[in-house]
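Novice: Need coordinates for the following:
(4 chains)
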Protein chains: 2
Amino acid sequence: MDGTRRPSEAPPAAPRPLPPGIDLLWGRRARGGRGPRPGLSVDAIVTAAIELADAEGLEAVSMARVAKALGFTTMSLYRYVASKDELLTLMWNASAVGVESLTLDGATWREKLRAWALVQRDMIDRHAWITQMPMAAPPLAPNSMTFVELGLASLDDTGLPGAEKLRMIGLLSSYTLSEARMANDAARAAAAAMAAAAETGETPAASPGWTFETLLRELVDERTYPRLHAIAWSGEIGDDPSGFDERAEFLLGVDTILDGVAALIDRYRGASDDGQETASAR
Amino acid sequence: MDGTRRPSEAPPAAPRPLPPGIDLLWGRRARGGRGPRPGLSVDAIVTAAIELADAEGLEAVSMARVAKALGFTTMSLYRYVASKDELLTLMWNASAVGVESLTLDGATWREKLRAWALVQRDMIDRHAWITQMPMAAPPLAPNSMTFVELGLASLDDTGLPGAEKLRMIGLLSSYTLSEARMANDAARAAAAAMAAAAETGETPAASPGWTFETLLRELVDERTYPRLHAIAWSGEIGDDPSGFDERAEFLLGVDTILDGVAALIDRYRGASDDGQETASAR
DNA sequence: CTGCAATGTATATGATGTACACAGTAGCCG
DNA sequence: CGGCTACTGTGTACATCATATACATTGCAG
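Specialist: Numbering: from 1, shown residues only, chains lettered A, B, ... in the order given. Here you go, the predicted structure:
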């Protein structure tokens, strides 16, 4: 995970203590070696919590269940973690383990940035519970930073100012997270519907009956929602049976954003010669 | 569970009942006029819940507190609402009340779409708790649909296929929601820090000490995060004292997306003549 | 008038996050 | 070496939460 634990030597510059939660995240929580040797570790706790979340979803992660999985009592966790929120933050950071050894292949900034977005999407899909996180603060976690740094690197040759690069990274990241969230929500809703149908009996398969498309057709009447109605009945909507074209959808969105980034880069490159690219009135 | 109890006679056009939650949302929950007259209504409940959420945040919304605000017992709410999740969905829908009488001013699709994004952002900011909603399913609420319809309308003259229009709407919407969430999270975190500082004593003002920028400077070391480090110390980061330039940031992101949309439109317009616009490899 | 569906309530249950007090452990200082 | 003390794990307690269930009450439909 990160394991950084400064061994007692106090760094000269420690004027104010870091905000709660941040310190642990960055391995700056002190640990005087006085009492009994700890039988547990933050890493073990976080790992157990993540295993639980992977297997049963974020709502299955309670202090009690994590503790039980480790063979300790509920309260013992609080010797390592200040609150459940802190644990969640740590899980969030840990979910991105491995970023530091990532490289994006691609020759152009565009290919690299696209790859970056894909990597993020993959990471999220690997731990679907990420999309359900409360996220009470801006992601000031080391692995998030590493990932941002990686994204910034893909824009190295573009001549954009740092703040703009950061903005573009954030933009792409926002989209990725949102899209993953929706895909995941839909999947979960479908699963829940299936489970409910199975409980009341009836043929388990083919019984759900409601796809997104059929629901839309049922609800959206032509007069109030003419455009939606047209789309709903046009058959243009891929019915997304297994999430296969969901990924394609996502990539289309990414490409659109990349077009926007390209426009921004062009605008900065041809700063004075007033390029007539896609960008119009600003 | 849902209260709809068809009195044995099957209405001609109701082959399968709608999924739970959706029916109430679209006003399709039956109500046989048999028992005592209801002293409560779904609307009243939702209104009370929203008032609570506006005032104290979404975490203050519990069945007990909503009921107390209305002068009823906790369990009485369940006569009108199947679960808390359902109530949340209704709140989500109600937060967009008034969309049906909205018009977007602007001559071009670009101006209109930009206005659309701004309206959404305003709606979210007016009810900050929206960003904290669990959102267990795709937003199949009437007001959401109305809003989507409005967005689609702004792309009327662009010649995009319906599915592409929808994708663009979704893209912009994703970004708006994510951005609002981050801004709101940051604000809440700052408020929490302030409150914590006030509780432990010390001068309430000027004491938090940690802004995003100073934190970044403290945590991000030059070797591991060279690019971030450079940005953090460049002073390029607006320190966002009151959220004033947050709005400007948001608009910049929107404009970037709109550039991407423009590229897409151009690609569709010059379908055969292979335009050399910003769009590159697809 | 009578029956039954619908309403509001009281009570109960099992989770949940976390405060607090306690007992045992082991490094450090004398 | 002995004791102080910081630190560990535990047990108990509490407030809050969503919700199940049983019940008394109400008032339209027959």
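Novice: Determine the number of other residues adjacent to residue A:93.
Specialist: 22 (other C-beta atoms under 10 Å in any protein chain shown). From N, CA and C alone the C-beta is placed, and that goes for glycine too.
Novice: what's the spacing between the helix or strand containing residue A:247 and its chain's center?
Specialist: Secondary structure assignment for residue A:247, by DSSP states H and E: helix A:244-269. Centre-to-centre, helix A:244-269 and its host chain are 19 Å apart (C-alpha atoms, centre = their mean, to the nearest Å).
Novice: what about that helix, near chain B?
Specialist: Yes. Under the criterion of C-beta under 8 Å from any C-beta of the partner chain, chain B is reached by helix A:244-269 at A:249, A:252-253, A:255-264, A:266.
Novice: And the helices in the stretch 151-282 of chain A?
Specialist: Along the stretch 151-282 of chain A, counting by DSSP state H, counting those that start in this stretch, helices occupy A:162-199, A:212-219, A:226-234, A:244-269.
Novice: So which elements touch the last one?
Specialist: Packed against helix A:244-269, as judged by 3 or more C-beta pairs under 8 Å, 6 or more residues apart in numbering or on different chains; DSSP states H and E, are the following elements: helix A:109-126, helix A:162-199, helix B:162-199, helix B:244-269.
Novice: angle of the shortest one against helix A:162-199?
Specialist: Here helix A:109-126 points in a direction 30 degrees away from that of helix A:162-199 (axes from the mean of the first three to the mean of the last three C-alpha atoms, to 10 degrees).
Novice: Now do helix A:109-126: everything it contacts.
Specialist: Around helix A:109-126, the neighbours that count as contacts under C-beta atoms under 8 Å, 6 or more residues apart in numbering or on different chains are A:95-96, A:102, A:104-106, A:130-131, A:147, A:150-151, A:153-158, A:168, A:172-173, A:175-177, A:179-180, A:184, A:250-251, A:254-255, A:258, A:261-262, A:265, B:280-281.
Novice: In ChimeraX, select just the buried ones from those residues.
Specialist: The ChimeraX selection below is limited to those of these classed as buried (16 or more other C-beta atoms under 10 Å in any protein chain shown):
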select /A:95,96,104,130,131,147,150,151,153,154,155,158,168,172,173,175,176,177,179,180,184,250,254,255,258,261,262,265
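Novice: Where does residue A:29 sit, in terms of helix or strand?
Specialist: Using DSSP H and E, no helix or strand contains residue A:29.
Novice: Among the helices and strands packed on helix A:244-269, which comes closest to residue B:48?
Specialist: helix B:162-199 (22.3 Å; C-beta to C-beta).
Novice: buried sites along the closest one?
Specialist: Residues B:162-186, B:188-190, B:193, B:197 are the ones in helix B:162-199 that count as buried (16+ other C-beta under 10 Å).
Novice: Any figure for the gap between residue A:57 and residue B:91?
Specialist: 23 Å (C-beta to C-beta, to the nearest Å).
Novice: quick one, which of the two is more surrounded?
Specialist: residue B:91 (22 against 14).
Novice: Output the contacting helices and strands for the helix or strand that contains the more buried one.
Specialist: Assigned by DSSP H and E, residue B:91 belongs to helix B:84-94. Packed against helix B:84-94, as judged by 3+ C-beta pairs under 8 Å, 6+ apart, are the following elements: helix B:22-25, helix B:42-56, helix B:63-70, helix B:142-154.
Novice: Nearest to DNA strand C among these would be which one?
Specialist: Closest to DNA strand C of these is helix B:63-70 (C-beta to the nearest atom of the strand; 7.3 Å).
Novice: send the alpha carbons of that closest one over as PDB?
Specialist: C-alpha atoms of helix B:63-70 as PDB (Å, rounded to 0.1, in the frame of the first residue of the first chain):
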ATOM      1  CA  MET B  63     -37.400   9.000   8.300                       C
ATOM      2  CA  ALA B  64     -37.700  10.000  12.000                       C
ATOM      3  CA  ARG B  65     -36.800  13.600  11.400                       C
ATOM      4  CA  VAL B  66     -39.000  14.100   8.400                       C
ATOM      5  CA  ALA B  67     -41.900  12.600  10.300                       C
ATOM      6  CA  LYS B  68     -41.300  14.800  13.300                       C
ATOM      7  CA  ALA B  69     -41.200  17.900  11.100                       C
ATOM      8  CA  LEU B  70     -44.600  17.000   9.800                       C
END
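Novice: Any chance you could list what contacts that helix?
Specialist: In contact with helix B:63-70 (C-beta under 8 Å, 6+ apart) are residues B:40, B:44-45, B:48-49, B:51-52, B:73-78, B:84, B:87.
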